[in-house]
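J.: What follows is a protein structure lacking sequence information:
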Ligand code: TRP
C-alpha cells in the first residue's frame, strides 16, 4: 500500500541481545552511528529482538532480559533518542508473535531450508554435539520472525549489513506472497546500507564478532581497551621500528583510520616508511579510542544506574511501537478475512 509521498519513510532496525547483550565498536561504527543519523530523517523504530535470541539460547531464557537492558543502554549511549525513535523489546509487543504465526502459514519450508544462516547454525549445533533436538522449529522460522518484525511496521527500509541480505530477501518474498494472496498491505522492505558505514576489523584481523572473542566493547573500561590494543596483532613482518609496515592489513592501523579519519594518513606513511614502531601506534590508538569511547562509556553507566527509568523508556517505546503494529494488524486481519 503506497504511503502518501510526504510521509516520512519508515525504518525498522534491530539487534539480537546475544551473550551478555553488550555491543562492540563494530556494532557502534557499522550500525548505531548510522541509526543515529537516520533518526532525524526517518520514522525509525529500534527493536531489541529477544525472541530471536531464544532460537539458540532457549536454555538461558532467564538471562535474556538483562541482555536486552545492556543493548538498550548501548543504543541510548550511542545517541539514539527514544523520543524520536522508540526503543523497545520485541517480546513486549505481542503483535510480532501474531504476525509471525500468520506469515508462517504462507512461508514455504523450502525458502527457510535454503537460508545460509540456518544451515550454518544447524552445522554449528551438530558440531557442538547438541544433536538434532536442539534444532527447533523456531530456529528454522528465524527468518519468518524477522520478516514479521519488519513487515509489522510496514517498513520501507531496514539498515542491515551484507550478512543480512538473505534474511531481507526472504522478507521481501514473504511480503510479495502475502500481497498476492490477500491484497496489498506491505511495502517491500529495501536494505539501507549507508556509504559512510565503517568496517571495523576485530583484534585478530577477522570481522569483529562476539563469537570470535576479538571485540572491543562499548562497555569496556579504558584499561580493558588498553590491554586489548596492546595485545593486538600488527604486520607480522614488522619486528623492528625500521621494518616497513603494511597499514592496509594491520588492525591497529585500520582502527586508527576509523577513529582518526583526519590524521591517520601521516601515521600510515610513517608506518610504511619504517619511521614508527607498532608500540607507538598502539599507544596512540589507545588514547584515540579511549577519547572517543569515554563519553559513551559514561553515558551507558549512567543509564544502567537507573534500571527503573530504563525499563520505563522501554515500556514507553513498546507502547508507541504497538500503536503502529496494531494498525498493521488491523489491515492484515481484515485482508485475510479475520475479525
Ligand atoms: N537477524 C538480525 C541479525 O542477526 C537480527 C534481526 C531480527 C533484525 N529481526 C530484525 C534486524 C529486524 C533488522 C530488522 O542481525
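T.: It's in. As the structure is a computational prediction, the values presented were derived from the model and not from experiment.
J.: Mind giving me the packing neighbours of the helix or strand that contains residue 328?
T.: With secondary structure defined by DSSP states H and E, residue 328 is part of helix 307-336. With contacts taken as 3 or more Cβ pairs under 8 Å, 6 or more residues apart in numbering; DSSP states H and E, helix 307-336 sits against strand 43-48, helix 64-78, strand 87-89, helix 95-106, helix 165-182, helix 278-305. C-beta: built from backbone N, CA, C; applies to glycine.
J.: which residues sit in contact with the residue of the chain found nearest the ligand?
T.: Here the residue of the chain nearest the ligand is residue 14; by Cβ to the nearest ligand atom that distance is 3.4 Å. Residues in contact with residue 14, defined by Cβ atoms under 8 Å, 6 or more residues apart in numbering, are 46, 47, 48, 49, 90, 146, 149, 158.
J.: could those go into a markdown table alongside pLDDT?
T.: Listed next are the contacts of residue 14 as a markdown table, based on pLDDT from 0 to 100:
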| residue | pLDDT |
| --- | --- |
| 46 | 98 |
| 47 | 98 |
| 48 | 98 |
| 49 | 98 |
| 90 | 98 |
| 146 | 98 |
| 149 | 98 |
| 158 | 97 |
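J.: Closest to residue 81 out of those?
T.: Among these, residue 46 lies closest to residue 81 (Cβ to Cβ), at 10.1 Å.
J.: Surely the closest one touches residue 13?
T.: Yes: under the criterion of Cβ atoms under 8 Å, residue 46 makes contact with residue 13 at 5.4 Å.
J.: Find the residues that touch each one of those two.
T.: Joint contacts of residue 46 and residue 13 (Cβ under 8 Å, 6+ apart) are residue 35.
J.: Tell me how many other residues crowd the nearest residue to residue 175 once chain neighbours are set aside.
T.: Setting aside the residues directly before and after it, residue 175 is nearest to residue 186 in space (Cβ to Cβ, 6 or more residues apart in numbering), at 4.0 Å. For residue 186, the number of neighbouring residues by other Cβ atoms under 10 Å comes to 26.
J.: Tell me the spacing between residue 186 and residue 64.
T.: 28 Å (Cβ to Cβ, to the nearest Å).
J.: quick one, phi/psi of the residue lying closest to residue 58 once chain neighbours are set aside?
T.: Distances taken as Cβ to Cβ, 6+ apart put residue 136 closest to residue 58, at 7.3 Å, once the chain neighbours are dropped. When read as degrees, to the nearest 10, the backbone of residue 136 gives phi -90, psi 170.
J.: per-residue pLDDT, residue 136?
T.: With respect to pLDDT, residue 136 has a value of 90.
J.: That one contacts residue 57, doesn't it?
T.: No: the criterion here is Cβ under 8 Å, and residue 136 misses it with residue 57 at 11.3 Å.
J.: Quick check: neighbours shared by those two?
T.: Counting by Cβ under 8 Å, 6+ apart, nothing touches both residue 136 and residue 57.
J.: what about the residue nearest to residue 30 when sequence neighbours are not counted, which SS state?
T.: Spatially, and ignoring its direct neighbours in sequence, residue 30 is nearest to residue 197 (5.6 Å; Cβ to Cβ, 6+ apart). State at residue 197, reduced to three classes by DSSP: H, G, I helix; E, B strand; the rest coil: coil.
J.: and residue 197, what does it touch?
T.: Residue 197 makes contacts with 29, 30, 31, 33, 34, 161, as judged by Cβ under 8 Å, 6+ apart.
J.: Leaving out the residues flanking it, which one is nearest to the first one?
T.: Looking back up the chat, that one is residue 29. Per Cβ to Cβ, 6+ apart, closest to residue 29 is residue 198, 4.1 Å.
J.: if I pick residue 16, what's in contact with it?
T.: Residue 16 neighbours (Cβ under 8 Å, 6+ apart): 48, 49, 50, 52, 53.
J.: Can I get the buried part of those as one PyMOL selection?
T.: Per 16 or more other Cβ atoms under 10 Å, the buried members of the contacts of residue 16 correspond to this PyMOL selection:
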select buried, resi 48+49+50+52+53
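J.: what's around residue 63, how many residues?
T.: Neighbour number of residue 63 under other Cβ under 10 Å is 15.
J.: do you know how far it is from residue 131?
T.: Residue 63 is 22 Å from residue 131, by Cβ to Cβ.
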